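In: Predicted model follows, preceded by the sequence.
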Amino acid sequence: MKHTMVALVEDRPGVLNRVASLFRRRGFNIDSLAVGTTEETGVSRMTIVLDGAEGIVEQVEKQLYKLIDVIKVADLTNAEAVVRELALVKVRCSTAQRAELIDLVEIFRGHVVDVGPQHLMVELAAEGERMDAFLKNLEGYGILELVRTGRIGMIRGSETTAVHQVESDEAALFHMESGRLPEGDLPFVSD
Amino acid sequence: MQISGADIVLESLKKLGIDTVFGYPGGVVLPLYDRFPFHPEVRHILVRHEQAGGHAADGYARASGKLGCALATSGPGATNLVTAIANAQMDSVPTLFITGNVARSLLGRDGFQEADITGITTPIVKHNYLVMRVEDLAYTFAEAAFIATTGRPGPVHIDIPKDVFTDLAEFEWPEEVSIRGYQPSPRVDMTAVADAAAIIDAADKPIILAGHGVILSRAHEELKAFAEKTGIPVLNTLLGLGSIPRDHALSYGMLGMHGSYEANHAASNADVIIGIGNRMDDRALGRFADFNPTAKIVHIDIDAAEHGKNINTIAPLLGDAKSVLQALIPAVAQNTHTEWLRWMDDMRAEHAHSMAIPSGPGLSVQQICASISEVNGDEVIIVTDVGQHQMWAAQHVKFSFPYQLITSGGLGTMGFGAPAAMGAQVACPDKAVWAIVGDGGFQMTMQELATMVDEHLPVKIAIMNNGYLGMVRQWQELFYKDNYVSVQISQPDFVKIAEAYGILGFRVTDKDQVDDAIRRANEHPGPVLIDFQVEAEDNVWPMVPAGASLSETVEAPRTQQEVSR
């Protein structure tokens, strides 16, 4: 089953590598991964679509949380969420076919963004099914080039997945002088 | 006043209470080494190989309960640390690894001794840093130590380009560290505790499976109190040994691939299994799919990802072993499990032969381990290497306190023993530290004898010399039809090696000499190397074949026919 997960991460060098490394290391399959900035400076949002059973997804979430740079993880799969993907498609299209193809693009609520005697470039932002159907329809004309961003998503309603205050309720205090040792000495430690 | 990055590193170590660094110099860390003499509070121990420095920091951390620290130069120095880092990660040991790197302008240009070391260590650390600004150094060290020692501890690696050591900045030590993506001390969920308590109270045949987490969170007293109140027998993972005294009435020793017959069968027949600070590892549990499928699993762990990772868990309890047990003890009912314990005792008595010390004329590792335990009592820290001797030590030493055993559990790193013992001895100068090692593993890191001599570390090294890579040979015998390949290993004259390093070395060939040899080593003020010439082809029993279930534990064959099958 496909799952759409969101991870809010610190916008730091190496963070994408940490996440990718985790997926590789644990053998989790990524269908798509989209990364971008968010409403908060210093925080990036990754939307990860992965294929796996329920238990796998739970492990992914927990393993993601173990990364220090990961601030928050959410699973949008069963949430009321708007999920979109952007595709740019260059389609073979003679001038004679143009009107018909533009009609098709409009049916799917896409846009024509570039035009030439032999081709048409169209964009479509859609969720999985509409995207699949659209691309299937274009196949008949001949897809010259295709690029997809991977899915992004957001929960409907006033609830957010934003960072705002994920602060720990017990603000972690750091005892400088002692170097923070677990409480209680071991019985044999000789000082 | 502005000081150099090198001074900031050393000031940070002092702030963190790190007074010992195991290191090896090289080009890019020269600016740091240049400043060591000006910070005499930080003792630098010059090892003979960076990997050994890393293992020494690991052994030091376990024996001292403090943060272990190892230092290496860029490129090969840094890559030599990798095994030690992976070892600390698998065994959750709080350690700080510092490497130098080439100057910032040279990063990524494949210059001399450059390695993408943070890229290499990312999958085997709890966290790592490449510090690109001298102003970030102090905070990075504070944060790194905080991460390494809190939650589920582990290695943190800091990589510092050469010119960051020489840049100047104010030394500003943070008052507090807080990381929004890292909350190491979850509040114990009392509803979950109540649910777990109900399961525990209703159990007829419960067992406790106590792992390293008990020791890491210093929960050994709580473990004892919990076991005594509920009357539940305690089994240990390899790294959990010492979390309950082995002579405690409720201690039933180690389970797993070479666990005792009674422990493995208790785990297979229990109706409730309470894992405490263990990670439900395959070497402890056997084939996951068949691991007691009807038992209800209660699992206390600080790492949520361990809950349900390998085994379905009905009652996960998130938190460190100490805080969860403190909440759980008042929630469970006073209880006894007389019948269940009798079942286990009967099984132990009936199958005692499976772990007996061999009665043959040859010198056995089992006997030596038992003697080291008996002669030294509670006055010894045992550090092992990896292989047969490790399992025999786990079976035959009566561990009675946390970290009396220091061993490479998760990664199974041959060569760990000698340098880790060295680190343990630095941490506990007044304790006897015995390294029980094989002739194979010892040859991987025996160059550290020089460090022991330099630093006056009176480690007692007992080499179980059988001329084989014993565990590999055992597997070739049992699972590859006696086809011995690359398993017979030659070795130098270890006594002469000892002499060459200027330490006491002698050979023991006779059963009757073992106790005296151990006493003689104890009485000698410096390091000692004993070459125990043990039986060449003994096997560790009982054994759960790889990929089998714990209930399929195989006992020692009692006759020659059984041996030759």
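Out: Here it is on my side, so go on. All values reported here derive from a predicted model rather than from experimental measurement.
In: So what's the residue count around the closest residue to B:Trp392 other than its chain neighbours?
Out: Leaving aside its sequence neighbours, B:Trp392 sits nearest to B:Val365 (CB to CB, 6 or more residues apart in numbering or on different chains; 4.6 Å). To be clear about C-beta, it is placed using only N, CA and C from the backbone, and glycine gets the same treatment. The tally of other residues near B:Val365 (other CB atoms under 10 Å in any protein chain shown) stands at 30.
In: how much space between B:Val365 and B:Gly387?
Out: B:Val365 sits 10 Å away from B:Gly387, going by CB to CB, to the nearest Å.
In: re earlier: my read is that the residue nearest to B:Trp392 contacts B:Asn539, right?
Out: No. Between B:Val365 and B:Asn539 there is no contact under CB atoms under 8 Å: 11.0 Å.
In: Show the residue spans covered by the helices in chain A.
Out: Using DSSP state H, the helices of chain A run over A:15-26, A:54-66, A:98-107, A:128-139.
In: Nearest to chain B among these would be which one?
Out: helix A:54-66 (3.7 Å; CB to the nearest CB).
In: is chain B contacted by that closest one?
Out: Yes. Contact of helix A:54-66 with chain B (CB under 8 Å from any CB of the partner chain) involves A:Gly55, A:Glu58, A:Gln59, A:Lys62, A:Gln63, A:Tyr65, A:Lys66.
In: Name all residues that make contact with the nearest residue to B:Asp290 once chain neighbours are set aside.
Out: If the residues on either side of it in the chain are set aside, B:Asp290 comes closest to B:Ser549, at 3.6 Å by CB to CB, 6+ apart. Neighbouring residues of B:Ser549 by CB atoms under 8 Å, 6 or more residues apart in numbering or on different chains: B:Ser268, B:Gly286, B:Arg287, B:Asp290, B:Phe291.
In: B:Ile382 now?
Out: Shown in contact with B:Ile382 (CB under 8 Å, 6+ apart): B:Ile372, B:Ser373, B:Ala393, B:Val397, B:Phe399, B:Gln404, B:Leu405, B:Ile406, B:Trp434, B:Ile436.
In: Point out the ones among those that are inside strands.
Out: Those of these mapping onto strands are B:Leu405, B:Ile406, B:Trp434, B:Ile436, per DSSP state E.
In: Please tell me how far B:Val509 sits from B:Asn465.
Out: Careful, residue B:509 is Thr and not Val. Separation of B:Thr509 from B:Asn465 (CB to CB): 10 Å.
In: Kindly report the same for B:His44.
Out: Distance from B:His44 to B:Asn465, by CB to CB: 33 Å.
In: what about the two, which has more around it?
Out: Shown here are B:His44 and B:Asn465; by other CB under 10 Å, B:Asn465 has more neighbours (25 against 19).
In: Where does the prediction get shaky in chain A?
Out: Residues of chain A meeting the criterion pLDDT under 70: A:164-191.
In: care to break it down by domain?
Out: A:2-79, A:81-148 (automatic domain parsing).
In: Of these, give the one that comes closest to B:Ile357.
Out: Nearest to B:Ile357 among those is domain A:2-79 (42.2 Å), distances taken as CB to CB.
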